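K.L.:
have a look at this fold, sequence not included:
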């Protein structure tokens, strides 16, 4: 089945450690997105990529980094500079970045601090 | 700035009732609207969308209504079932300076609980 796979489902980070969250899609979508969800809140955009080898900051990019070396992959690194990383991280993709296309989501990675 | 909000954070209904979930938005340039359903521990699931040149769109047991005059969006679920229990989010997309890149703004969500 086509879809978006996020891994791991749960992740723990130690102080001063960088961690990388994986997102893979086999939908042949051009655009990919990373969101952060905090309890009782909506989704906030961290980074997005419209095409391979290109990405832009979203609303809350500080303390995060991404890469887009392949169309199907958009990994997110939570760096030690992100002081409040505990959240539910969601990856999404859409057929084209120009709008009027729904984003489809993976099942998320829950990141916690040890 | 742009904001998206919900009138009711929680909604509790009986099985078989119709449910209405509301969403108010502030950006009059918004041109595309989506409703998502999110179950516990999972990612949002696409339900239905509507473009700004429409005021109503129907799916299977769901209807989305858009009132651009008052900047209000609603999701109606007919014959609500226990499996409909979830958090429902509205999301909207505006045209950012003529370069629309699919950026969505999400509301905070409404918790729908359906009692058997």
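P.N.:
Yep, it's here. Everything numeric here is computed off the predicted structure, so don't read it as measured data. Numbering: from 1, shown residues only, chains lettered A, B, ... in the order given.
K.L.:
the residue lying closest to residue A:96 once chain neighbours are set aside: how many residues sit nearby?
P.N.:
Ranked by C-beta to C-beta, 6 or more residues apart in numbering or on different chains and with sequence neighbours excluded, the top spatial neighbour of residue A:96 is residue A:30, at 5.6 Å. In this view, the C-beta of every residue, glycine as well, is placed from N, C-alpha and C. Taking other C-beta atoms under 10 Å in any protein chain shown as the neighbour definition, residue A:30 ends up with a count of 18.
K.L.:
okay, buried residues for the helix or strand containing residue B:114 please.
P.N.:
For residue B:114, the host element (DSSP states H and E) is strand B:110-115. Across strand B:110-115, burial judged by 16 or more other C-beta atoms under 10 Å in any protein chain shown covers B:110-112, B:114.
K.L.:
so who does the residue nearest to residue A:96 touch?
P.N.:
The contact partners of residue A:30, by C-beta atoms under 8 Å, 6 or more residues apart in numbering or on different chains, come to A:50-51, A:71, A:94-97.
K.L.:
out of these, flag the one nearest to residue B:106.
P.N.:
Nearest to residue B:106 among the contacts of residue A:30, counting by C-beta to C-beta, is residue A:94 at 14.5 Å.
K.L.:
what number of residues lie near that closest one?
P.N.:
Residue A:94 has 24 neighbours, counted by other C-beta under 10 Å.
K.L.:
cool, and residue B:80?
P.N.:
For residue B:80, the count of nearby residues is 22 (other C-beta under 10 Å).
K.L.:
who's in contact with it?
P.N.:
Shown in contact with residue B:80 (C-beta under 8 Å, 6+ apart): B:13-19, B:112, B:114.
K.L.:
look up how far residue A:32 lies from it.
P.N.:
Noted for residue B:80: a distance of 33 Å to residue A:32, by C-beta to C-beta, to the nearest Å.
K.L.:
got it, and residue A:78?
P.N.:
Between residue A:78 and residue A:32 the computed distance is 17 Å (C-beta to C-beta).
K.L.:
these two: who's more crowded?
P.N.:
In this comparison of residue A:78 against residue A:32, neighbours counted by other C-beta under 10 Å, the higher total goes to residue A:32 at 29 against 23.
K.L.:
and the more buried one, what are its bridge partners?
P.N.:
Taking DSSP bridges as the rule, residue A:32 bridges to residue A:49, residue A:93.
K.L.:
ok now whichever helix or strand residue A:56 is part of, how far from the chain's centre?
P.N.:
Following DSSP H and E, one finds residue A:56 within strand A:54-57. Between the mean C-alpha location of strand A:54-57 and the chain-wide mean there is a distance of 12 Å, by C-alpha atoms, centre = their mean, to the nearest Å.
K.L.:
pairing partners for it, with directions?
P.N.:
strand A:43-51 (antiparallel).
K.L.:
make CSV out of the buried residues of strand B:110-115 and add distance to residue A:61 and pLDDT.
P.N.:
As requested, the buried residues of strand B:110-115 are exported to CSV (distance: C-beta to C-beta, whole Å; pLDDT from 0 to 100):
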residue, distance to residue A:61, pLDDT
B:110, 28, 93
B:111, 29, 93
B:112, 32, 96
B:114, 38, 96
